[in-house]
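Trainee: Following is a predicted model, sequence given first.
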Amino acid sequence: MVCIHFVNSRTQSVAGMARHVYLAHLCCSTRCLTSRNDPVAVIGHPLSAPEKHPYGGCRAVVPVSDRMPSHAPPLLYIMSVLGAVALYLMMKPAASGTGGSTGRAGHVAGIILGLGVFAWLLKTCIDLFAPEGGSPEILFVIFSVIALASSVRMICHSRPVYSALYFVMVVLSSAALFLLLGAEFMAFALIIVYAGAILITYMFVLMLAQQSDDPNRDTGDVSSGAEYDRLPREPAMAAVMGFLMLALLGSMVYDGVADLKDAPTAQQATLRDLLQLNRMPRELDAIVAGLVAEEGAEAVWRSTGDAVYTEGNKAFVDVALPGRVHQRVELTPEHMPTNVQHVGLALVAKFPVSLELAGIILLLAMFGAAVLSRRQIELSEDELREAAGLHRMTALDDTDHDDSGQTGKTDRPSSTGQGGSR
Amino acid sequence: MSDLLLAQELVQFEAFGRLGLSHYLLTSALMFIIGIVGFVTRRNMIVMFLCTELMFQAAAIAMIAFGRYHMDISGQVFVIFILTVAAAEAALALALVVLLYRRKETLSAEEWSELGEAAA
């Protein structure tokens, strides 16, 4: 038996096998025991005792041959092809008029195929990363299925307004995914900004540009609507191209996730978060006051410029009490700053320039939108003279600019459309 | 007491681990691909821009997942900047679309395929 540290496992002759075991156990092990001829890998977590850790205590013994995902890349490509077929079937317009039922059957087949491909991909992730039967959170599955299904529906729907509504669906379910990832502030910001502001703008423009002369726009018939909305352009090629890219991305993930540096343990992360309190003096004082429950208690700032310090795996803060010596108080995970505090601190303390730039971008976008959508009106000589308070040079029955350029029926003369600002 | 809390969190965190990361990356990649396919296939200019928003969305999911994985807040902060860029892009793109719609009374992108030649 050889003991391999997986950080440099790629350089070893048994690297291939070790890496597969590593991939299979990324989520649970920092060290693994395996050998070249032994088809069994013993996975141990050196840091934690079995009762604390679900996979701990060297108890997981996994036959390498079963778990070796050497067959995964070709299957990944096959699955990508199937995914392309599914997307193509879903995108194909329902044959209007004659064979509506065959089109519908194609859609159903596409949906089933797509769900199957997604399930397989998820399962591959599980096989790769948690062979002991770890399963993704059920909420994650629900919301990602909703998100992906609505995004497919969004790019397939023949009515742009419905596409926008399905996009709202995508935004809501990805906000739910954000919540699952612990990013509460971003989840609500996403809903407010995306669903509340951006999508409303889209809806306004869609309504503005709605073809009003469409005879059966209210019938709900999918085959109605403009021709350029009904028929996708090159759906087969696009699906193949897209899923080629998915296969590429997938194989990169397959190779690349192993190279990620290890995630910090919860302890490290907690300590790091608690140290962030050094940059929130008021919050720290409030916490200290709550901990000591005595009038006039406040945190002591040491000569190094911080108040919170770590010893071993714990964070402490010195508290000054009036008329008494300093007292040391331990900070626990429940004193960690909240998500909003984190985001706000990082935004103003870590990325102040980016924040300013974001503001400038928004301002310029506002100006740009106003300039672009402004209606270009060319004033005639007489109107200029009138504006300047002079007399007109010709009689008032001049009719050349009566509608001031309002939505000309056909191509307007180029002189009115292209103003001086371009 | 605090040890207990930490131990509980440890278990939860390790359960997320890379398993969760790859799942979120998978969802994000699929959503991005769907956005690209939509951008290529749709011929309505507004829907094309909606598809770019879908791609932004996918990138945001990947960023938040990586941020969660590294327990680093920067991922979330950059989603704020993604939102900014998306808002700016929506404003400008929609202004352009309104402008183009006024001139040809259609939202079809193909109407403007000869844009470059016409200018020459």
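Mentor: Thanks, I have the structure now.

Trainee: Surely residue A:317 is in a strand?
Mentor: Yes - Residue A:317: assigned to a strand according to DSSP: H, G, I helix; E, B strand; the rest coil.

Trainee: for the nearest residue to residue A:368 once chain neighbours are set aside, what are its contacts?
Mentor: Sequence neighbours aside, residue B:92 is the residue nearest to residue A:368 in space, at 5.1 Å (criterion: CB to CB, 6 or more residues apart in numbering or on different chains). (C-beta placed from N, C-alpha, C; glycine too.) Residues in contact with residue B:92, defined by CB atoms under 8 Å, 6 or more residues apart in numbering or on different chains, are A:365, A:368-369, A:372.

Trainee: Can you name the residue of chain A nearest chain B?
Mentor: Closest contact between chain A and chain B, by CB to the nearest CB, is at residue A:155 (3.1 Å).

Trainee: wait, isn't that residue in contact with residue A:91?
Mentor: Yes - the pair residue A:155 and residue A:91 qualifies as a contact (CB atoms under 8 Å) at a distance of 7.2 Å.

Trainee: quick one: which of the two has more around it?
Mentor: residue A:155 (29 against 22; other CB atoms under 10 Å in any protein chain shown).

Trainee: Please list only the buried members of the contacts of residue B:92.
Mentor: A:365, A:369, A:372 (16 or more other CB atoms under 10 Å in any protein chain shown).

Trainee: who touches the second one in this structure?
Mentor: Residue A:369 is in contact with B:91-92, B:94-95, counting by CB under 8 Å, 6+ apart.

Trainee: now those residues as a markdown table including secondary structure and pLDDT?
Mentor: Shown next, in a markdown table, are the contacts of residue A:369 (DSSP: H, G, I helix; E, B strand; the rest coil; pLDDT from 0 to 100):
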| residue | secondary structure | pLDDT |
| --- | --- | --- |
| B:91 | helix | 90 |
| B:92 | helix | 91 |
| B:94 | helix | 89 |
| B:95 | helix | 89 |
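
Trainee: For residue A:87, list the residues it contacts.
Mentor: Counting by CB under 8 Å, 6+ apart, residue A:87 makes contact with A:110, A:114, A:152, A:235, A:239, A:242-243, B:34, B:37.

Trainee: dump the residue contacts of residue A:291.
Mentor: A:319, A:329.

Trainee: make it 6 Å
Mentor: Contacts for residue A:291 (CB atoms under 6 Å, 6 or more residues apart in numbering or on different chains) come out as residue A:329.

Trainee: Report whether residue A:306 is found in a strand, as I expect.
Mentor: No - according to three-state DSSP, the state of residue A:306 is coil, so it is not within a strand.

Trainee: Look up the closest residue to it, ignoring the ones flanking it.
Mentor: Nearest non-adjacent residue to residue A:306 (CB to CB, 6+ apart): residue A:278, at 4.3 Å.

Trainee: OK, contacts around the one you found?
Mentor: A:306-308.

Trainee: Quickly name whichever of the residues you listed is closest to residue A:348.
Mentor: residue A:306 (18.8 Å; CB to CB).

Trainee: what's around whichever residue of chain B sits closest to chain A, how many residues?
Mentor: Nearest residue of chain B to chain A: residue B:38, at 3.1 Å (CB to the nearest CB). Residues near residue B:38, counting by other CB under 10 Å, number 27.
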